[in-house]
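In: Sequence first, predicted coordinates after that:
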2 protein chains.
Amino acid sequence: MHCKNDSDITMEETETLYRLANNHISVDCVVVGFDGEGLCVLLVKRDGIDDSGEFHGMKLPGSLIYEDEDLDQAAARVLFELTGLKNVNLMQFKTFGSKNRTKDPRDVLWLERAQGAHVERIVTVGYVALVKIDRTNEKQLVNSSAFWTPVSEIGDLAFDHNLIVAEALSNLRGVTDMNPSVLFELLPRKFTATQFRSLYEILLNHRVDARNFHKKIALMDYVVPLEERQQGVAHRAARYYKFDRKKYNRSRH
Amino acid sequence: MHCKNDSDITMEETETLYRLANNHISVDCVVVGFDGEGLCVLLVKRDGIDDSGEFHGMKLPGSLIYEDEDLDQAAARVLFELTGLKNVNLMQFKTFGSKNRTKDPRDVLWLERAQGAHVERIVTVGYVALVKIDRTNEKQLVNSSAFWTPVSEIGDLAFDHNLIVAEALSNLRGVTDMNPSVLFELLPRKFTATQFRSLYEILLNHRVDARNFHKKIALMDYVVPLEERQQGVAHRAARYYKFDRKKYNRSRH
């Protein structure tokens, strides 16, 4: 692996340096994907070199902001540059500014080389998004070094990125609780109560009693039972439901 | 009014400069107070001088962060230094980083003089708190230049502070909706349904039908009716209620 030293910095990189707002403010994106079975987080590879040799690791897609962009724009730009993902509904959820964020010398070394700039205290603005992993975003990701990692398999990440992921998931739980409509974007257009319940359990990270969940659905007038039932099932074919956004919006006001 | 120029900077100020993390990251505190009738926001005076002479204005209590403090610590420190308020439950709610935040030259001029540092892009981390205006905090405020301003009487504030106040109030509405227990900290220990309803109306910023609100209360098993009724009222003395935090916490899980 080749790590550039100062004299290797190209014109393009100088221009990038020039465009940085400063080296104290970054954005980090936690894109949570649902693959039909579980939750994954989009991570990028981070390779570096220190006194003990090369090191490899993973981190969230994130970077310093540019002078000519707002925070939301920076988050969308950084996510696209590092992963290829476009049109993701990123929401700012929390800013991380502990003075210990940059306590690991490897993190600082890596960042200074990547940015060609001296790094001190960095405050990072965290963004979160929940998406369905589908053919469209798989295609966008194909030429990047980003990949989906199941939440349970996330190892040690750079900086405080493990904390950022944990807080993003907890934020998503709060959002789901308050605004269950986010769930329906992850489900097929027609879904069974069981599909709905497993997604709910996965997002909220706790088991829900099936009978109670049926009662819960019955109270949601925006979850509409269809006449249609599952095909190709021997017996007790499950009924399909659909989400009615108009009814949902009315129920919120 | 006397405005310092560079040569006036004292040893103490140099020391402060030295302790700043950098001149790009600040915190701003929106302390919302309930005085029994309405909502107020705690503002501080901001005086400056430009080509057209002295100017006076108001702003949120906020300032750049120090190198040796985390964001939450910075918010508590800044609030105390500028207002005298202590032990306020400040919650981070949103970070503001538009590149247009410092577009008014008066704001930049004022800040550069106040901080003795060159100012470019500043990202500010917004904190919000909801408190009851009482003798304790009135006493803490007495030696500061901070004062409560009714929400409806807030004029043009420095930087994007009007936006920060609006977003803080909207955040409080969301929090109240999700977690009504914050309301009970603002009410007397024993309160009538009317007191509860007016506070709810004030915070949510819309009228609530009295009969529907009684039904709502009946569904809150943590709002416990007492035997006691209002004293000194000719007829239809209202019943008192109290908030049962234990029942509330149970109802949330």
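Out: Right, received. Where do you want to start?
In: Spatially central residue in chain A, please.
Out: In chain A, the centroid-proximal residue (CA atoms, centre = their mean) is A:Val31; its distance is 1.2 Å.
In: who's the closest residue to that one other than its chain neighbours bridged to?
Out: Leaving aside its chain neighbours, A:Val31 sits nearest to A:Leu42 (4.1 Å; criterion: CB to CB, 6 or more residues apart in numbering or on different chains). Placement of C-beta: from N, CA and C, glycine included. On the basis of DSSP bridges, A:Leu42 is bridged to A:Trp148.
In: residues in chain A within reach of chain B, list them.
Out: Taking CB under 8 Å from any CB of the partner chain as the contact definition, chain A meets chain B at A:21-22, A:24-25, A:65, A:67-71, A:74, A:92, A:94-99, A:120-121, A:123, A:125, A:174, A:177-178.
In: Now, those residues that are in strands?
Out: Counting by DSSP state E, the residues of chain A next to chain B place A:25, A:92, A:94-96, A:123, A:125 in strands.
In: Which of these are buried, as a ChimeraX select command?
Out: Command for ChimeraX, covering only those of these found buried under the criterion 16 or more other CB atoms under 10 Å in any protein chain shown:
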select /A:25,92,94,95,96,123,125
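In: from the ones in strands among the residues of chain A next to chain B, which two are the most distant?
Out: Using CB to CB, the pair of these lying farthest apart is A:Ile25 and A:Lys94, separated by 14.6 Å.
In: Isn't A:Val128 up against A:Phe93?
Out: Yes: with contact defined as CB atoms under 8 Å, A:Val128 counts as touching A:Phe93 (4.7 Å).
In: Can you work out which residues contact both of those two?
Out: Shared contacts of A:Val128 and A:Phe93, defined by CB atoms under 8 Å, 6 or more residues apart in numbering or on different chains, comprise A:168, A:171.
In: the more surrounded of these two?
Out: A:Val128 (26 against 21; other CB atoms under 10 Å in any protein chain shown).
In: what's the distance between that one and chain B?
Out: A:Val128 sits 13 Å away from chain B, going by CB to the nearest CB, to the nearest Å.
In: That residue is in what secondary structure piece?
Out: In the assignment (DSSP states H and E), A:Val128 maps to strand A:123-132.
In: Which neighbouring elements make contact with the helix or strand that that strand is followed by?
Out: Next along the chain after strand A:123-132, taking DSSP H and E as the criterion, comes helix A:135-141. Taking 3 or more CB pairs under 8 Å, 6 or more residues apart in numbering or on different chains; DSSP states H and E as contact, there are no helices or strands that helix A:135-141 lies on.
In: Could you tell me how far helix A:135-141 lies from the centre of the chain?
Out: Relative to the chain's own centre, helix A:135-141 is displaced by 15 Å; criterion: CA atoms, centre = their mean, to the nearest Å.
In: what is the rounded mean pLDDT of stretch A:105-117?
Out: Summarised as a single mean, pLDDT over stretch A:105-117 is 80.
In: For that stretch, C-alpha coordinates in CSV please.
Out: Listed next in CSV are the C-alpha coordinates belonging to stretch A:105-117 (Å, rounded to 0.1, in the frame of the first residue of the first chain):
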residue,chain,number,x,y,z
PRO,A,105,-2.9,8.3,17.3
ARG,A,106,-3.7,6.0,14.4
ASP,A,107,-7.0,7.8,13.8
VAL,A,108,-5.2,11.2,13.8
LEU,A,109,-2.4,9.9,11.6
TRP,A,110,-4.8,8.4,9.1
LEU,A,111,-6.9,11.5,8.9
GLU,A,112,-4.0,13.8,8.5
ARG,A,113,-2.7,11.8,5.6
ALA,A,114,-6.1,11.5,4.1
GLN,A,115,-6.9,15.2,4.4
GLY,A,116,-3.3,16.5,4.0
ALA,A,117,-4.1,18.8,7.0
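In: Quick check: which ranges of the stretch 51-200 of chain A have low pLDDT?
Out: For the stretch 51-200 of chain A, not a single residue meets the criterion pLDDT under 70.
In: which residues of it fall in helices?
Out: Applying DSSP state H, counting those that start in this stretch to the stretch 51-200 of chain A gives helices spanning A:71-83, A:105-115, A:135-141, A:161-178, A:181-184, A:193-204.
In: can you put the ones you listed in TSV and add mean neighbour count?
Out: Shown next, in TSV, are those (neighbours: other CB atoms under 10 Å in any protein chain shown):
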stretch	mean neighbour count
helix A:71-83	20
helix A:105-115	17
helix A:135-141	14
helix A:161-178	17
helix A:181-184	18
helix A:193-204	17
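In: wouldn't A:Ala158 be in contact with A:Gly57 here?
Out: Yes: if you go by CB under 8 Å, A:Ala158 and A:Gly57 touch, sitting 5.6 Å apart.
In: higher neighbour count, these two?
Out: Between A:Ala158 and A:Gly57, counted using other CB under 10 Å, A:Ala158 has the larger neighbour count: 20 against 17.
In: so how far is chain B from the more buried one?
Out: Per CB to the nearest CB, A:Ala158 is found 19 Å from chain B.
In: Quick check: A:Asp134 vs B:Tyr222, distance?
Out: Separation of A:Asp134 from B:Tyr222 (CB to CB, to the nearest Å): 43 Å.
In: so A:Phe55 makes contact with A:Asp47?
Out: Yes: between A:Phe55 and A:Asp47 there is a contact at 7.3 Å, judged by CB under 8 Å.
In: re the thing from before, mutual contacts of A:Ala158 and A:Gly57, please.
Out: With CB under 8 Å, 6+ apart as the test, A:Ala158 and A:Gly57 both reach A:46, A:106.
In: Relative to A:Thr149, which of the helices of the stretch 51-200 of chain A is closest?
Out: Using CB to CB, these put helix A:161-178 closest to A:Thr149, at 9.8 Å.
In: Pull the distance from the closest one to the chain's centre.
Out: Taking CA atoms, centre = their mean, one finds helix A:161-178 lying 10 Å from the centre of the chain it belongs to.
In: cool, stretch A:85-103 as well?
Out: Worked out by CA atoms, centre = their mean, stretch A:85-103 lies 10 Å from the chain centre.
In: end-to-end on it?
Out: 30 Å (CA to CA, to the nearest Å).
In: Please point out which parts of that stretch sit buried.
Out: Within stretch A:85-103, the residues scored as buried using 16+ other CB under 10 Å are A:85, A:88, A:90-99, A:101-102.
In: Next: stretch A:221-239.
Out: Buried residues in stretch A:221-239, defined by neighbour count with 16+ other CB under 10 Å: A:222-223.
In: per-residue confidence for the closest residue to A:Arg189 other than its chain neighbours?
Out: Leaving aside its chain neighbours, A:Arg189 sits nearest to A:Lys242 (6.4 Å; criterion: CB to CB, 6+ apart). Among the per-residue scores, A:Lys242 shows a pLDDT of 96.
In: Assign a three-state SS to A:Lys242, would you?
Out: strand (DSSP: H, G, I helix; E, B strand; the rest coil).
In: surely it meets A:Pro188?
Out: No: using CB under 8 Å, A:Lys242 is not in contact with A:Pro188, being 9.5 Å away.
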